[in-house]
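Trainee: Starting from these lines, generate the structure:
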Amino acid sequence: MSRYVLQREIPPAEVGIDERACDAPIHGNWIGASGFGQATILVSYVKTGSHTPTNVTFNIETSPDGGATAYTLQAGAVSAGVATLSDLQYLKATGGGSKAFVVDLPINYESFRIKSLAVGSGVLADVVSVTVRLGAI
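Mentor: Prediction:
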């Protein structure tokens, strides 16, 4: 039996990424996450036409005040005892076609959003949608 309990599903229209064109980076809406411990991000990218898309990429921003102050999640790399931080970017190779994938992450933020979602070599007719499921562990 799973300890994960789905408490709220946020549809693409509320996330702010609902069948949006993929020819430019997309920023989602701020999602209130206070009281939740887990977020599942479901991404659906649909290719149209004969072009060859490369990667679906995005960042996640968090905020303690509903978006007035934003912080991008960071990843660290260590070399010679020095930890270097850089903006954490999620990247999913498309293999040249449509893709659907899920990202799970623990959360302890007041709110968060999908930032700079983009498709390399995507075109205006391609669309992307994102659903978020919030829960507690």
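
Trainee: Would you mind listing where this structure has pLDDT under the threshold?
Mentor: Along the chain, segments meeting pLDDT under 70 span 1-4.

Trainee: Tell me where it has helices.
Mentor: Assigned by DSSP state H, the helices in the chain fall at 12-15.

Trainee: hey, what's the residue nearest to the spatial centre of the chain bridged with?
Mentor: Centroid-nearest residue in the chain: residue 114, 4.3 Å away (criterion: CA atoms, centre = their mean). Beta-bridge pairing for residue 114 (DSSP bridges): residue 60.

Trainee: What is the burial count for residue 19?
Mentor: By other CB atoms under 10 Å, the residues close to residue 19 number 11. From N, CA and C alone the C-beta is placed, and that goes for glycine too.

Trainee: does it really touch residue 127, like I thought?
Mentor: Yes: applying CB atoms under 8 Å, one finds residue 19 in contact with residue 127, separated by 4.4 Å.

Trainee: Please name the residues that touch residue 7.
Mentor: 36, 134, 135, 136 (CB atoms under 8 Å, 6 or more residues apart in numbering).

Trainee: which of the residues you listed count as buried?
Mentor: 36, 134, 135 (16 or more other CB atoms under 10 Å).

Trainee: what sits against the second one?
Mentor: Spelled out, that is residue 134. By CB under 8 Å, 6+ apart, residue 134 lies in contact with 6, 7, 8, 9, 10, 31, 33, 36, 38, 39, 40, 107.

Trainee: Kindly report the same for the first one.
Mentor: Listed by CB under 8 Å, 6+ apart, the contact set of residue 36 reads 7, 8, 107, 134, 135, 136.

Trainee: Please flag which of these sit within strands.
Mentor: Members of the contacts of residue 36 lying in strands (criterion: DSSP state E): 7, 8, 134, 135, 136.

Trainee: re earlier: so which of the contacts of residue 7 comes closest to residue 51?
Mentor: Closest to residue 51 out of the contacts of residue 7 is residue 134 (34.6 Å), distances taken as CB to CB.

Trainee: Contacts for stretch 68-83 next, please.
Mentor: With CB under 8 Å, 6+ apart as the criterion, stretch 68-83 contacts 59, 60, 61, 62, 63, 84, 85, 86, 87, 88, 115.
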